[in-house]
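**Student:** Okay, here's the prediction I keep looking at, along with the sequence it came from:
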Amino acid sequence: MAEVVIVPDEAAAGELVAGAVAELIVDRPDSVLGLATGSTPLSTYRALARRIEVDRLDVSRVRGFALDEYVGLPAGHPEGYRAVITREVVEPLGLRPELVHVPNGAPETIRIAAAEYERAIDAAGGVDLQILGIGRTGHIGFNEPGSSLASLTRVKTLTEETRADNARFFDSPDEVPMHCITQGIGTILRARHLVLLAFGDAKAQAVADAVEGPVSASRPGSAIQLHPHATVVVDEAAASRLEHAAYYRHAWANKPDWQGI
């Protein structure tokens with residue numbers, strides 16, 4: 001069972017997860033972070049930036065791998081995940097850009113991009129802590145319903161729900177790419193620690209399916225149940241459909257401080 005931590009709001013979640021990441025960086029200065037995009041992890045990145053500044057953490061050797069990228073956006077597009085990761089993670093945290101990797105969504109090299117990304121993750125020694133969000137369809141990364149639980153990095157077709165959700169970042173819904181390149185569920189499960197964040201009523205069913213539902217390719221987020229060290233951090237609204245919420249609160253309230261998340 002994944003550990004479920006129910007917090008008051010996004011800010012509290014950000015502080016909690018940033019603390020875990022900061023401890024990882026202190027213990028392993030060349031740690032490898034798995035980086036999600038979108039609005040969900042922003043509170044974590046902002047809290048981590050503050051922690052790095054206040055504690056004067058040395059992040060010069062920290063490495064990172066983004067979960068996914070759109071296929072076919074022009075180089076430098078502001079909503080391409082290379083630009084987003086640079087803007088929201090690399091620059092605020094003071095990471096070295098050359099140590100932070102994003103899948104290559106250029107159409108001319110897309111046939112070999114997935115295999116190259118898998119090799120790069122392996123060469124780095126794997127991901128130490130993978131930050132995840134979850135979509136309304138239950139997707140993690142861009143692994144839409146029906147994705148193999150053993151899948152590796154590959155090109156996927158986005159559902160219309162996902163494209164509609166992401167349209168807010170573009171001038172019009174038609175500009176949202178139809179395809180992406182994403183780490184597979186099998187790739188994600190190789191990370192040593194998974195931290196899934198979710199906030200708001202719209203994510204409540206996806207969270208319940210991921211944490212308490214049957215493990216199924218139809219609910220990609222449920223794959224976290226197969227991981228030996230998965231932490232789910234949610235606000236009250238996202239936790240509203242969890243059957244065992246009372247137990248999760250009890251377990252967290254009585255957890256030894258030294259265990260962290």
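**Tutor:** Yes, it's here.
**Student:** For residue 177, what are phi and psi?
**Tutor:** Phi and psi for residue 177, reported as degrees, to the nearest 10, are phi -60, psi 150.
**Student:** any low-confidence regions in the stretch 151-261 of the chain?
**Tutor:** Of all residues in the stretch 151-261 of the chain, none has pLDDT under 70.
**Student:** which residues in it form helices?
**Tutor:** 160-166, 185-189, 204-212, 245-253 (DSSP state H, counting those that start in this stretch).
**Student:** got the angle for the third one vs helix 245-253?
**Tutor:** Counting by axes from the mean of the first three to the mean of the last three C-alpha atoms, to 10 degrees, helix 204-212 lies at 70 degrees to helix 245-253.
**Student:** Check what contacts helix 204-212 and list those residues.
**Tutor:** Applying C-beta atoms under 8 Å, 6 or more residues apart in numbering, the set of residues contacting helix 204-212 from outside is 1-2, 4, 134-138, 196, 198, 219, 221-222, 224-225, 232, 234, 237-244. The way it works is simple: take the backbone N, C-alpha and C, and place the C-beta from them, glycine included.
**Student:** rerun at 6 Å
**Tutor:** In this structure, residues lying in contact with helix 204-212 by C-beta atoms under 6 Å, 6 or more residues apart in numbering are 2, 4, 134, 136, 138, 198, 219, 221-222, 224, 232, 234, 238, 240-243.
**Student:** Can you select the buried ones among these for me in PyMOL?
**Tutor:** For selection in PyMOL, the members of the contacts of helix 204-212 meeting the burial criterion (16 or more other C-beta atoms under 10 Å) are listed in this command:
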select buried, resi 2+4+134+138+198+219+221+222+224+232+234+238+240+241+242
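**Student:** and stretch 247-261, which residues are buried?
**Tutor:** For stretch 247-261, the neighbour count (16+ other C-beta under 10 Å) marks 248, 261 as buried.
**Student:** how far does that stretch stretch from start to finish?
**Tutor:** 16 Å (C-alpha to C-alpha, to the nearest Å).
**Student:** wait, residue 199 sits on residue 9?
**Tutor:** No: with the criterion set as C-beta atoms under 6 Å, residue 199 and residue 9 do not qualify as a contacting pair; they are 7.8 Å apart.
**Student:** Now distance to residue 259 too, for the helices of the stretch 151-261 of the chain, in CSV please.
**Tutor:** Below are the helices of the stretch 151-261 of the chain laid out as CSV (distance: least, C-beta to C-beta, whole Å):
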stretch, distance to residue 259
helix 160-166, 35
helix 185-189, 22
helix 204-212, 19
helix 245-253, 11
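**Student:** Compare the ones you listed and report which one is nearest to residue 127.
**Tutor:** Of all the helices of the stretch 151-261 of the chain, helix 185-189 sits nearest to residue 127, with 8.4 Å by C-beta to C-beta.
**Student:** Please tell me how far residue 121 sits from residue 180.
**Tutor:** 17 Å (C-beta to C-beta, to the nearest Å).
**Student:** what do you get for residue 36?
**Tutor:** The spacing between residue 36 and residue 180, counted by C-beta to C-beta, is 13 Å.
**Student:** And residue 29, by the same measure?
**Tutor:** Counting by C-beta to C-beta, the gap from residue 29 to residue 180 is 32 Å.
**Student:** which of those two has more neighbours?
**Tutor:** residue 180 (25 against 13; other C-beta atoms under 10 Å).
**Student:** Show me the beta-bridge partners of that one.
**Tutor:** Residue 180 has the following beta-bridge partners by DSSP bridges: residue 70, residue 156.
**Student:** What's the local residue count around residue 52?
**Tutor:** 21.
**Student:** which residue sits closest to residue 155 in space, ignoring its chain neighbours?
**Tutor:** Leaving out its chain neighbours, the residue that sits closest to residue 155 by C-beta to C-beta, 6 or more residues apart in numbering is residue 181, at 5.3 Å.
**Student:** can you count the residues close to the one you found?
**Tutor:** Residue crowding around residue 181 was assessed by other C-beta under 10 Å; the count is 25.
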